[in-house]
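Peer 1: Curious how this folds, go ahead:
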Amino acid sequence: MALKVYFDLMSQPSRAVYIFLKMNNIPFVPKTVALRSGEHHTDEFKKINPMSLVLVIDDDGFVLTESVAILKYLALKYNVPDHWYPRSDLQAQARVEEYMNYQHLDTRANGAIVFQQLVIKPRAMRAPVNRAIVDNAKNRLEKVMSHFENYFLKDNKPFLCGADISIADLLGICELMQLYACCEENIYESNPVVKAWVSRVQRRTAPHFEEANKIVNRVRGVYSKQKEAEQNAKL
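Peer 2: Below is the predicted model:
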């Protein structure tokens, strides 16, 4: 049976796995789960994932949640090129693991907070933005960008874990695109090293990067107009 992938491209991990599947020509049956409509909370979806979260895969009855586990599973099962998740070099593999363990409470957590506060709360929840929470998360993201520059990308490494792209880069870039969606890309574009890395990953993953981020671009357009209207109302 074909691999089934339950996802919503508004989800950062969904985009990372989608790009990975496309780049490696791994066939799959797309099963979209509309987060904005609450489809992940339905009884039907909870039978697949009781945690009510995307992303999920069903590989002929083997159901797996959590993007990091999914990416590693797919890389090993489909024997993709070694740079994605090194098998022949234990230290290279450990570098990919290092970033993937780091990102949960740093890149991912703080980027998600900014996006939730600026986009989800005012639009979906009709709740005011908590500027203190936004500012704290943005300050932490500045430190994350410093970690990118001075640790993960040090010594002029072109990608987070070495000379070629890995699943770590997909996870990292998809988290930063949440900032682009809410017009906060200056957080990473103000750092020349990180900005150059973003451009390299985008080029390396084209055209699948653009395809996966169409919804991000739409959200950015909506948010930009909303932000402009609010600013005009203050004049």
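Peer 1: which ones are touching residue 113?
Peer 2: Counting by CB atoms under 8 Å, 6 or more residues apart in numbering, residue 113 makes contact with 133-134, 137. Every C-beta, even on glycine, is put in place using the N, C-alpha and C of the backbone.
Peer 1: for it, helix, strand, or coil?
Peer 2: helix (DSSP: H, G, I helix; E, B strand; the rest coil).
Peer 1: Using the three-state scheme, assign residue 50.
Peer 2: Per three-state DSSP, residue 50 ends up coil.
Peer 1: on that earlier part again, mind checking which of the contacts of residue 113 are buried?
Peer 2: 134, 137 (16 or more other CB atoms under 10 Å).
Peer 1: any chance of the contacts of residue 113 in TSV, plus secondary structure, pLDDT and distance to residue 61?
Peer 2: Converted to TSV, those look like this (DSSP: H, G, I helix; E, B strand; the rest coil; pLDDT from 0 to 100; distance: CB to CB, whole Å):
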residue	secondary structure	pLDDT	distance to residue 61
133	helix	97	42
134	helix	97	43
137	helix	98	40
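Peer 1: Can you tell me the element residue 180 falls in?
Peer 2: helix 167-181 (DSSP states H and E).
Peer 1: Could you export that helix as CSV, CA atoms only?
Peer 2: What follows is helix 167-181 as a C-alpha-only set of coordinates in CSV (Å, rounded to 0.1, in the frame of the first residue of the first chain):
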residue,chain,number,x,y,z
ILE,A,167,16.9,17.2,7.1
ALA,A,168,18.0,19.6,9.8
ASP,A,169,18.1,22.4,7.2
LEU,A,170,14.5,21.6,6.1
LEU,A,171,13.3,21.8,9.7
GLY,A,172,15.2,25.1,10.3
ILE,A,173,14.1,26.9,7.1
CYS,A,174,10.4,26.0,7.6
GLU,A,175,10.4,27.4,11.1
LEU,A,176,11.9,30.7,9.9
MET,A,177,9.2,30.9,7.2
GLN,A,178,6.7,31.4,10.0
LEU,A,179,8.4,34.7,10.6
TYR,A,180,8.2,35.6,7.0
ALA,A,181,4.5,34.9,7.1
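Peer 1: got a pLDDT number for residue 14?
Peer 2: On pLDDT, residue 14 comes in at 98.
Peer 1: need the contact list for it.
Peer 2: Contacts for residue 14 were tallied using CB under 8 Å, 6+ apart; they are 7-8, 54-55, 67.
Peer 1: how much space is there between residue 204 and residue 102?
Peer 2: Residue 204 sits 21 Å away from residue 102, going by CB to CB, to the nearest Å.
Peer 1: What's the first helix or strand after the helix holding residue 180?
Peer 2: Next along from helix 167-181, by DSSP H and E: helix 186-189.
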